[in-house]
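[1] sequence plus the predicted model coming up.
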Amino acid sequence: MEKRNKNLNFIAIVFFILGLALMMGVLGAFIYNAVIVNPNPIRGKKTVDVSPYNIGIDNNLTAERESTASILSDRQVYYAGLEDCTVGPDSIVYLENLKENNDIYMAYRISVDGVVIHETGLIPAGEFSKWTPSDVLNPGQYELSIRNIPYYDTGNENYEQLAYQPVNIINMTVIE
């Protein structure tokens, strides 16, 4: 009987260790998914275009704008983007200006069928603006045009809009 109890204790210990290993594996997979794969789960799906764009200045340069062009000649702008998503009545979308942009400000203009439904002010690098889509969109499916508009502060809060403005087209479903 004592030998049987020792065997049962050994089996219980083995199952306990296997259970701990399984729990650690599940926890590791959760952490990997939450931190590495999708670090912003509340924000929904988000992609960042890892290839930056060279800064362009409008060709109609004045003397003041020529100095801006020379300052920005070797700089790049980094754009954050959104993917197709589904949002609810309390969902918040974070419109970001990536910290890599340093002194480049970003504004967003969101439209549906050519009608602007949301615009942000200038967002400093490393910060974001919150937008609740259900404040302006009824439940349904929409094709959104999201324009990223970069600006440079030429001094004394005089912001110059840069030439390249990518447009991201996404499908958004708003649910009740």
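    Here it is on my side, so go on.
[2] surely residue 88 and residue 173 touch.
    No - applying CB atoms under 8 Å as the test, residue 88 and residue 173 come out as separate, 9.8 Å apart. All C-beta spots, glycine's among them, are computed from the backbone N, C-alpha and C.
[3] name the nearest residue to residue 121, ignoring sequence neighbours.
    Setting aside the residues directly before and after it, residue 121 is nearest to residue 107 in space (CB to CB, 6 or more residues apart in numbering), at 6.7 Å.
[4] swap that for residue 98, sorry
    Take residue 98 and drop its neighbours on the chain: the residue closest to it by CB to CB, 6+ apart is residue 78, 4.5 Å away.
[5] pLDDT value on that neighbour, please?
    Here, the pLDDT recorded for residue 78 equals 82.
[6] list phi and psi for it.
    phi -110, psi 130 (degrees, to the nearest 10).
[7] can you count the residues close to the residue nearest to residue 121?
    A count of nearby residues for residue 107, using other CB atoms under 10 Å, gives 20.
[8] okay, the spatially closest residue to residue 140 that is not a sequence neighbour and residue 86: tell me how far apart.
    Among residues not flanking residue 140 along the chain, residue 174 sits closest, at 6.0 Å (CB to CB, 6+ apart). To residue 86, residue 174 is 8 Å away according to CB to CB, to the nearest Å.
[9] more neighbours, these two?
    Set side by side, residue 174 and residue 86 show more neighbours around residue 174, with 19 against 13, by other CB under 10 Å.
[10] all helices for this structure, in order.
    Counting by DSSP state H, one finds helices in the chain at the ranges 2-31, 63-72.
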